[in-house]
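In: next come a sequence and a model predicted from it.
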Amino acid sequence: MSDTEAPAVDGVVVEINGHEVVARKGELLIDAAERAGTYIPRFCYHERMKPVGMCRMCLVEVDSGRGPALQPSCMIECTPGMKVDTESEITKKAQDGVLEFLLLNHPLDCPVCDKGGECPLQDQTMAYGPGESRMVEEKRHKEKPIPISELVLLDRERCILCDRCTRFAKEVAGDPLIHFIHRGNNTEVNTFPDEPFASYFSGNTVQICPVGALTASTYRFKARPWDLETTESTCQGCSFGCRISIDSSRDQIQRFSGVDIDPVNWGWLCDKGRFSSEAVNAAGRLGEPLLRTASGLAPARWSEALAAAAAALSAADPAAIGVIGGARLTNEDAYAWSKLFKGVLGTDNVDAQLGDGLPAEALLGLPRTTIDDLCAPGGTVVLLGPDPKEELPVLFLRLRHAVENDGVTLLEISPRRSGISSLAAVSLQPRPGETGELLRALTAGTEADRDIAGIPVDRVNAMRALLAAAAGPVKVVLGRSSVGESEAVTLDATSVLLAARPDTVFLPAVRRANIHGALDMGLAPGLLPGRVGLDAARDWFGSRWPSVPAARGLDTTGILTAAAAGRLEVLVLLGADPLADFPDARLAERAIAGVRTIISVDTLLNTTSERAHIVLAAAGFAEKAGTTTNLEGRVSTLSQRVTPPGTARPDWVLATELASRLGADLGFASPAEILAEISAVVPSHLGLTADLLAQAPDGLVLPIGATSGLPAPVAFTPTPAVPAPPVDAYAFRLVATRKLYDQGTIVQAGPHLSGLAAGTSVRVNPYDFDRIGVAAGGTVSVRSPQATLVMPIHADAGVPRGTAAVVVNQAEHRVAELMNVGDVICELLIETTS
Amino acid sequence: MARLTPDNVEIALEIIGRYPRPKSALIPLLHLAQEQDGHVTDEAMAHIAELVGVSAAEVLGTASFYEMFKFEPVGRYMVNICTNISCQLMGGEELLEHAEHTLGIRPGQTTADGLFTIEDVECIAACTEAPCLQVNYRYFHRITNEEFDQLVADLRAGARNDIPAHGTLARVRQRIPVDRRAGVVTPEDTAQPVWLAGSQEAKS
């Protein structure tokens, strides 16, 4: 691992190849040797998983006082006075023998193997193996690659049975869907028949496979390692901020791989992030601007498109301009747009969120924690947000590790059982709209004496006891667990918890790529860059920007409401697709129909931008450099690896071009200059220079400098209690959650991921079927005050009685039509269709 | 024939209850499934996975390690003829050849009537009684060709009540009284095994 310093205390002195090495107490010999610069070859050992000693490649001669003997260095801890020889004749003979043994059945098809050129077996055979093969016998043959999932292929004859993939599946991901099958010479890794390795983390097994047995369907036969150009960057599949390396060849992205950084992803990626590499090269990427003509959107010249956009913006009253989106942007892009819209045009109707998150004041103003602190041993974590497995998958891996290995107590409060429920010490499912009431009971001075929010009293008290017993601050993963319920409910619950335990810290679990960076750069109503309010920072920015908006503007809901009422002249979409993503699809539809000019800045056309009047083609991920900010507030670098398609331009260029057409100069001409301005102007980012970032491969958690003498940062204001809605025995309360694979751009733009979006049905508790009068698998009519949908219905014991669960943004059933954005909860009647 | 029948689920739950961890009941439940269907079906493995709380792949991984679990249909009588060294010296291979002629099948095959499957096996630990064979893992010692033919005739005639169909380990089902069970206490959580405490009480 990355830490190269040996500890001063608790060290264990061992002798490796004649040199004294100070190992940590309990450290494995293979790690201590590597830290001291002696690499011991290995196949099965992986520093993020428990050792198994399967492959025997790391055998070295160890003398613990009873004479030297061969021992697997991944299985023995350093003990004082241990003498180790990794280069002795006996060690070399053992390595030689192990490699010859492994090669008995491993085919020498390296020239057609994806791993060839970066293969540990190939490399270590060259370095430690016999020069020539004595093998004249026929090797084992098996059917060449068999798919074990949509994304991963298994070539069993290449497998050396190191147990890495199977250990990963069980230990790390918790999806033991692959296993050793059969015995002895017939042993192979495989799935159960007709039960594929459908794990959200399956791609990691491809990365850690030390041979070419596991290959990714997205990368098979695409490139050779020596043709690849590699750059480190940060994944933009969600806001967790996993560090990745981007491999390209011939100016085409070929694959993403996980990079091991301690504070975030430990080398793991989810499949959505890993295989989002395909979205960069997606068919339909915009390479030129489009303008609406009588016959629809048609390609245009940049000068025409920018002039049209500038004309529309300058003709509109600032109060009649709305800007939605921004999570796709780099921090520099977001700052440029923020300066254009807020500092030049003077509108504050800017919101990077789509009504499905939490107010920026809460996300930025609540005391924040880091991932490492959240997962610190022995802590208590409250999950008051979305299912991390579906929305922030690598956070799920970190939390899973924390619960399984580090004694972290997880308390889950969710509207339905989730992918992490089985890890929770207690998992409670309050009725939608009543989470605040549950929190009041959980933090009350005395035990509850009745059922709360539909939860039996003993379960409430079980969680209450664990919460009361929590040592140190409670750490909360906070987000919108269901968009079927108003954000006010989550804010109420947050206020209650914060009042009862003022030292509570939060990890804001809002998932879109750089949403936290966009909010930091002021892309939210009432905010200016640097996590500061409009009024608090009016003087600060008044002297640094051309102007500052006069008053607080509208959020996305407000913008769309104004548009629907015909009060909005220009709607700018910064990569946003409100028709698909806004939780109230009917409002979004009326808004898009009601606005005069829609300017979409995007990489691909989506359902909303297809109806835009002006489409500006933007450069996407890996096509521009910059920085990004994850949910901790950690700023890390994004790198350019390929050139954008056609003449697509980075967003910051578009912002400066529009500014100059509006008669203003934003004052920068490169991402580096924008970062320099950010580090000089943005209060929370003061001192964040490119040099500092270059020295911090793990990124930097803000703030890094002094905080005195600056505008006061935004603070979370406790919100009023939301009264529990009266229970209607005939209605079901809607729970609307997300799945990792949906109709979003990243998934749909990749041919291998797009088929994984499973669609949705309405899911209710098995005990609720009697009152509906339909069998599971049948079709029902789902009626809300807004709309009626005809959908299949399924039984799901994870959905509490009296609620109905759906998945948003899936094909076919537009469940967002059911919801009305202002309502605390959404009540449904489910009836037979006849 | 697929998942465990309701009666067998009841037995399965009783077996699971004997162990501190449900997963420990895996092998006995696989035997139960094999007793039910004559071989271990995919559906039964998926059902067992649900019952003990592991994945179906883990059940298959464990089951496929063991030669005695069959994943394809086999005959009602599984005849294992030893051809390892002692038996080989005493005519095991000749016995196997005779069996092939008598039954009209090669090792690994099943007779058309579904009654017999023969396998040649490695040492079954009865060298003093060579040549030997097993029918559904019941031993037959120092077998001659004539004795083999008689055994086959008896099995065909249904005259061997002492040999139940393949998959049935014992004709009497094991029952463990509740007070003799290890219980649901995991070994880490208890200083002394439940059964030991019980026997000490009995002594005092």
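Out: Okay, I see it.
In: tell me the pLDDT of A:Ser73.
Out: In the prediction, the pLDDT value recorded for A:Ser73 is 97.
In: cool, A:Asp3 as well?
Out: 48.
In: for A:Leu507, helix, strand, or coil?
Out: Per DSSP: H, G, I helix; E, B strand; the rest coil, the local secondary structure of A:Leu507 is strand.
In: is it bridged to anything, and to what?
Out: A:Val477 (DSSP bridges).
In: work out for me the element residue 139 sits within.
Out: In the absence of a named chain, this looks at chain A. A:Lys139 is part of no helix or strand, with elements assigned from DSSP states H and E.
In: the chain in question should be chain B.
Out: Per DSSP H and E: B:Tyr139 is located in strand B:138-140.
In: likewise for A:Ser248?
Out: Going by DSSP H and E, A:Ser248 is in strand A:243-249.
In: what element comes up after the host helix or strand of A:Phe541 heading to the C-terminus?
Out: Taking DSSP H and E as the criterion, the element that holds A:Phe541 is helix A:538-542. The helix or strand immediately downstream of helix A:538-542 is helix A:556-564, counting by DSSP H and E.
In: which helices and strands does that following helix pack with?
Out: Applying 3 or more Cβ pairs under 8 Å, 6 or more residues apart in numbering or on different chains; DSSP states H and E, one finds that helix A:556-564 makes contact with strand A:321-325, helix A:585-594. All C-beta atoms are positioned from the backbone trio N, CA, C, and that covers glycine.
In: A:Asp63 touches A:Thr79, doesn't it?
Out: No: assessed by Cβ atoms under 8 Å, A:Asp63 is found out of contact with A:Thr79, at 10.8 Å.
In: would you mind writing the CA trace of stretch A:226-241 as PDB?
Out: Only the C-alpha atoms of stretch A:226-241 are listed here, as PDB (Å, rounded to 0.1, in the frame of the first residue of the first chain):
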ATOM      1  CA  TRP A 226       1.700  -1.500 -25.100                       C
ATOM      2  CA  ASP A 227      -0.600   0.500 -27.400                       C
ATOM      3  CA  LEU A 228      -2.400   2.100 -24.500                       C
ATOM      4  CA  GLU A 229      -1.900   5.600 -23.300                       C
ATOM      5  CA  THR A 230      -2.800   6.000 -19.700                       C
ATOM      6  CA  THR A 231      -3.900   9.000 -17.500                       C
ATOM      7  CA  GLU A 232      -5.200   9.100 -14.000                       C
ATOM      8  CA  SER A 233      -8.600  10.800 -13.500                       C
ATOM      9  CA  THR A 234     -11.600  10.600 -11.300                       C
ATOM     10  CA  CYS A 235     -14.700   8.600 -12.200                       C
ATOM     11  CA  GLN A 236     -17.800  10.700 -12.900                       C
ATOM     12  CA  GLY A 237     -20.300   7.900 -12.700                       C
ATOM     13  CA  CYS A 238     -21.500   9.200  -9.400                       C
ATOM     14  CA  SER A 239     -20.400  11.600  -6.800                       C
ATOM     15  CA  PHE A 240     -18.200   9.200  -4.800                       C
ATOM     16  CA  GLY A 241     -15.100  10.200  -6.600                       C
END
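In: mean pLDDT, mean neighbour count and distance to B:Asn136 added to the helices and strands packed on helix A:556-564, as JSON lines?
Out: Below are those laid out as JSON lines (pLDDT from 0 to 100; neighbours: other Cβ atoms under 10 Å in any protein chain shown; distance: least, Cβ to Cβ, whole Å):
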{"stretch": "strand A:321-325", "mean pLDDT": "97", "mean neighbour count": "29", "distance to B:Asn136": "70"}
{"stretch": "helix A:585-594", "mean pLDDT": "96", "mean neighbour count": "20", "distance to B:Asn136": "65"}
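In: nearest to A:Ile253, out of these?
Out: Counting by Cβ to Cβ, A:Ile253 lies closest to strand A:321-325 out of these; the figure is 23.1 Å.
In: which stretches of chain B form helices?
Out: With DSSP state H, the ranges of helices along chain B come out as B:6-16, B:26-37, B:42-52, B:56-63, B:85-89, B:92-103, B:145-157, B:194-203.
In: out of those helices, which comes closest to B:Val74?
Out: Here helix B:26-37 is closest among those (Cβ to Cβ), at 9.7 Å.
In: need the residues that contact that closest one.
Out: Residues from elsewhere that reach helix B:26-37 (Cβ atoms under 8 Å, 6 or more residues apart in numbering or on different chains): B:1-2, B:4-5, B:8, B:11-12, B:15-16, B:40-41, B:44-45, B:47-48, B:51-52, B:54, B:59, B:62-63, B:66, B:69-70, B:166-169.
In: and the next element down the chain from the strand holding A:Ser248?
Out: Using DSSP H and E, the helix or strand that follows strand A:243-249 towards the C-terminus is strand A:252-258.
In: any idea how far the helix or strand that that following strand is followed by is from the chain center?
Out: Next in sequence after strand A:252-258, counting helices and strands by DSSP H and E, comes helix A:271-274. Computed by Cα atoms, centre = their mean, to the nearest Å, the chain-centroid distance of helix A:271-274 equals 9 Å.
In: just checking, what packs against whichever helix or strand comes after helix A:271-274?
Out: Downstream of helix A:271-274, the first helix or strand assigned by DSSP H and E is helix A:277-280. Applying 3+ Cβ pairs under 8 Å, 6+ apart, one finds that helix A:277-280 contacts strand A:252-258, helix A:751-754.
In: quick one: buried residues of helix A:277-280?
Out: Residues of helix A:277-280 classed as buried: A:Ser277, A:Glu278, A:Ala279, A:Val280 (neighbour count, 16 or more other Cβ atoms under 10 Å in any protein chain shown).
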